[in-house]
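**Q** sequence and predicted model, in that order:
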Amino acid sequence: MRMKKLTGYSCSAIAEIINRDRPEGRLCTSSGVRKCLKRIKRPAKQPRVYKCLLGPSALALIDGEVDQDREISARELQQLLEKRLNVRVSESVVNKERRKLGWVRSGTKYCQMVRGANKEKRLSFCVELLLKKEEFNDVVFTDESTVRCERFLPKQYRRIGERAIYRPKPKHPLSVHVWAGISKNGTTDIAIFTGIMNSTGYQRILEDYLKPFVANVYPEGHRLWQDNDPKHTSKSTQEWMATNNINHSPSPPER
C-alpha cells in the first residue's frame with residue numbers, strides 16, 4: 001500500500017506492466033520490483049574521509065628522505081619517524097602519506113655507470129661532433145651482444161587450487177654471441193661465435209667480416225667506431241688494424 005501511495009501503482013501492477021514485454025520464464029515478481037525500488041532510493045555511500053595522522057614536520061621528513069633515497073621502504077620511514085620525531089604510525093599510513101605527497105612506485109631503470117671525470121670528456125666529445133655537424137657518412141659502428149636461447153619469465157598461469165609447476169633453470173643457460181656492424185650504406189654480415197672472445201678471435205672476425213665490407217662499400221675510406229673493450233684496444237688489435245688499413249676512430253672513455 002505504501003508503494004502505491006508513492007508511485008501510483010502497486011508493486012504487483014508494476015510487475016504486470018514489465019511482464020508484458022518479457023518472454024516466458026523471465027517474468028518479474030512484485031518482490032523483485034520492491035527490492036529494485038529500495039536500491040534506487042537507498043542513499044549512496046559517502047566516500048571515506050582519511051584523516052591525516054602526521055603533522056607538517058613528519059610529512060617534511062618523509063618527503064626529504066624519499067627525495068634523497070628513492071628506494072627507501074615504508075618500514076625504514078616508519079623507524080625514522082619514531083626515532084627522530086617520536087611519531088608512531090603504521091606502515092600503511094606511511095604509504096598513504098607518501099602517495100599523497102606525490103611519490104609513486106615504479107620499476108627501476110638502469111643505465112651505464114660513468115665516472116664523473118669521464119662524463120665531462122664524453123660531453124666534450126659530443127659537443128665537438130655537433131659543432132662539426134658530423135653526419136657519420138663513412139662510419140661503421142660495430143659491437144657484440146649475447147643472445148640466450150631460452151627464456152625464463154617470472155610469472156606463469158595455473159588453475160585455482162593447483163600447485164605452481166617448478167621449471168628447471170640451468171645455472172649457465174645456452175647462449176650464443178653475435179658481432180655485427182651497421183652504417184649509412186648498409187650492414188655487415190653477422191658473425192656468430194661461442195665462448196669468450198679474446199684479441200685474436202676479434203681480429204679474426206674483423207678479417208672475415210669487416211674487411212670485405214669496407215672494401216666493397218667504402219673503397220674511398222671509412223672510419224670504425226667501437227667501444228673501449230680491452231680486446232678492441234689491445235696492442236695486438238691496434239697493430240693488426242694499422243697493418244690492414246682499418247681506420248679506427250678513438251672513442252671517449254667508458255663508451
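**A** Here it is on my side, so go on.

**Q** show me what the helix or strand where residue 62 lies is packed against.
**A** Using DSSP states H and E, residue 62 falls within helix 56-68. Contacts defined by 3 or more Cβ pairs under 8 Å, 6 or more residues apart in numbering; DSSP states H and E place helix 56-68 against helix 74-85, helix 91-100. Yep, even glycine has a C-beta here, placed from its N, CA and C like the rest.

**Q** export only the CA atoms of it, formatted as PDB.
**A** Presented in PDB, the C-alpha positions along helix 56-68 are these (Å, rounded to 0.1, in the frame of the first residue of the first chain):
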ATOM      1  CA  PRO A  56      53.900  19.000   8.800                       C
ATOM      2  CA  SER A  57      57.300  18.100  10.300                       C
ATOM      3  CA  ALA A  58      56.600  14.400   9.800                       C
ATOM      4  CA  LEU A  59      55.500  14.900   6.200                       C
ATOM      5  CA  ALA A  60      58.600  17.000   5.500                       C
ATOM      6  CA  LEU A  61      60.700  14.200   6.900                       C
ATOM      7  CA  ILE A  62      59.100  11.600   4.600                       C
ATOM      8  CA  ASP A  63      59.400  13.900   1.600                       C
ATOM      9  CA  GLY A  64      63.000  14.700   2.200                       C
ATOM     10  CA  GLU A  65      64.100  11.100   2.900                       C
ATOM     11  CA  VAL A  66      62.400   9.800  -0.200                       C
ATOM     12  CA  ASP A  67      63.900  12.600  -2.300                       C
ATOM     13  CA  GLN A  68      67.400  11.500  -1.000                       C
END
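
**Q** buried ones in that helix?
**A** By neighbour count on 16 or more other Cβ atoms under 10 Å, the buried set for helix 56-68 is 58, 61-62, 65-66.

**Q** again, but for stretch 132-150
**A** Buried-residue list, stretch 132-150, by 16+ other Cβ under 10 Å: 138-140, 142, 144.

**Q** I'd assumed residue 26 was in a strand, is it?
**A** No - assessed with DSSP: H, G, I helix; E, B strand; the rest coil, residue 26 is coil; it does not lie in a strand.

**Q** can you give me the neighbour number for it?
**A** 7 (other Cβ atoms under 10 Å).

**Q** quick one, phi psi at it?
**A** phi -130, psi 40 (degrees, to the nearest 10).

**Q** residue boundaries of the strands in the stretch 101-250 of the chain?
**A** Remark: strands assigned in the stretch 101-250 of the chain by DSSP state E, counting those that start in this stretch are 139-148, 175-183, 186-187, 191-193, 223-225.

**Q** low pLDDT regions in this structure?
**A** 1-8, 43-52, 151-153, 255 (pLDDT under 70).

**Q** same thing but 90
**A** 1-55, 70-71, 104-122, 146-176, 193-197, 228, 249-255 (pLDDT under 90).

**Q** CA atoms only for the longest helix seen in it, dumped as PDB, please.
**A** Longest helix of the chain, by residue count under DSSP state H: helix 116-131. C-alpha atoms of helix 116-131 as PDB (Å, rounded to 0.1, in the frame of the first residue of the first chain):
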ATOM      1  CA  GLY A 116      82.300  12.000 -13.000                       C
ATOM      2  CA  ALA A 117      85.600  12.800 -14.800                       C
ATOM      3  CA  ASN A 118      84.700  10.900 -17.900                       C
ATOM      4  CA  LYS A 119      81.200  12.500 -18.100                       C
ATOM      5  CA  GLU A 120      82.900  15.800 -19.000                       C
ATOM      6  CA  LYS A 121      85.100  14.100 -21.600                       C
ATOM      7  CA  ARG A 122      82.000  12.400 -23.100                       C
ATOM      8  CA  LEU A 123      80.100  15.700 -23.200                       C
ATOM      9  CA  SER A 124      83.000  17.500 -24.800                       C
ATOM     10  CA  PHE A 125      83.200  14.700 -27.400                       C
ATOM     11  CA  CYS A 126      79.500  15.000 -28.300                       C
ATOM     12  CA  VAL A 127      79.700  18.900 -28.400                       C
ATOM     13  CA  GLU A 128      82.600  18.600 -30.800                       C
ATOM     14  CA  LEU A 129      80.600  16.300 -33.100                       C
ATOM     15  CA  LEU A 130      77.700  18.800 -33.000                       C
ATOM     16  CA  LEU A 131      79.900  21.700 -33.900                       C
END
